[in-house]
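S.K.: any chance you can model this:
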Amino acid sequence: NATKLAAATMFTLFFGGRLFAPQCTIEGENIQDYLQRHYLAAVQRLAQRLAHLPNVLGYDIMNEPLPGYIGWPDLSRHNGLLHQGVTPTPFQAMALGEGLAQTVEVFETGLLGSRVARRITIDPQGVRAWRDGYACIWRRHGVWDMDANGNPRLLRPDYFTQVNGKRVDFGQDCLLPFYRQFVQTVRAV
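M.R.: Alright, predicted model coming up:
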């Protein structure tokens, strides 16, 4: 599920909201700052409650932090991750999130790894993942749009690979700064 719309979008916003979704704010605060501030506040509260216990050796920063779409070279294609079951490309997932039918690949895993077993059409019948009155976050940021015939069109297949001409490295540019904030938060307690 890490490459599906909800999980991939949330990981992207959590680790790279300032870079890739600057228009996405909550109460005037960028989504990344908002999400990380709340996450770190919860960690801080936990650390305060456990600080007196002599057998606490450390804290796990996050179980399986993933890049979401950060670094994805072509949103119209699958990446090298293991795929299982119904697996839309990121662009197809974005279109599905807007309530648009898509024909997607279904993967099966065998002795030699994953392979496309068949294709199926998923028709959400206009049901959207987004709140009424709001467009897909990635559509608002120019990743994709609708063409004159009402079909989804990918505009920036490499949107999540660079910002202002600089290549974005998930580990160095997104994960490491968060890890540093996490460590500071716990050590302050």
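
S.K.: name the residues of the lengthiest helix in the chain that come out as buried.
M.R.: The longest helix of the chain (DSSP state H) is helix 31-50. Within helix 31-50, the residues that count as buried by 16 or more other CB atoms under 10 Å are 31-32, 34-36, 39-40, 43, 47. C-beta here means a position set from N, CA and C on the backbone, and glycine is covered the same way.

S.K.: off-centre distance for it?
M.R.: Relative to its chain's centre, helix 31-50 lies at 19 Å (CA atoms, centre = their mean, to the nearest Å).

S.K.: so which bits of the following helix or strand past that helix are buried?
M.R.: Next helix or strand after helix 31-50 toward the C-terminus (DSSP states H and E): strand 85-87. By 16+ other CB under 10 Å, the buried positions in strand 85-87 come out as Thr87.

S.K.: other SSEs contacting strand 85-87?
M.R.: Here strand 85-87 touches strand 102-110, going by 3 or more CB pairs under 8 Å, 6 or more residues apart in numbering; DSSP states H and E.

S.K.: list the pairing partners of the strand it packs on within its sheet, with orientation.
M.R.: With DSSP bridges as the test, strand 102-110 is paired with strand 85-87 (antiparallel), strand 113-122 (antiparallel).

S.K.: mean neighbour count, these: which tops it?
M.R.: strand 85-87 (a mean of 15; mean count of other CB atoms under 10 Å).

S.K.: pLDDT averaged over that strand - what is it?
M.R.: Average pLDDT, strand 85-87: 90.

S.K.: can you pull out the low-pLDDT segments for this structure?
M.R.: Applying pLDDT under 70 to the chain flags the ranges 80-81.

S.K.: now for the longest helix of the chain, which elements pack on it?
M.R.: Secondary elements touching helix 31-50 (3+ CB pairs under 8 Å, 6+ apart): helix 5-20, strand 25-26, helix 176-188.

S.K.: quick one: which of these is nearest Thr103?
M.R.: Among these, helix 5-20 comes nearest to Thr103, with 16.4 Å by CB to CB.

S.K.: ok, back up a step: which one of the strands paired with strand 102-110 lies closest to Met94?
M.R.: Judging the strands paired with strand 102-110 by CB to CB, what sits closest to Met94 is strand 113-122, at 13.1 Å.

S.K.: ok, and what's touching the closest one?
M.R.: 82-84, 86, 88, 96, 101-108 (CB atoms under 8 Å, 6 or more residues apart in numbering).

S.K.: repeat that for stretch 134-145.
M.R.: So stretch 134-145 is in contact with 9, 13, 20-24, 75, 91, 94-95, 97-98, 129-130, 152-156, 159, going by CB under 8 Å, 6+ apart.

S.K.: any idea how far Met62 is from Tyr39?
M.R.: Using CB to CB, to the nearest Å, Met62 is found at 8 Å from Tyr39.

S.K.: if we can go back for a sec, specify the angle between the longest helix of the chain and helix 5-20 in degrees.
M.R.: Put simply, helix 31-50 runs at 110 degrees to helix 5-20, going by axes from the mean of the first three to the mean of the last three CA atoms, to 10 degrees.
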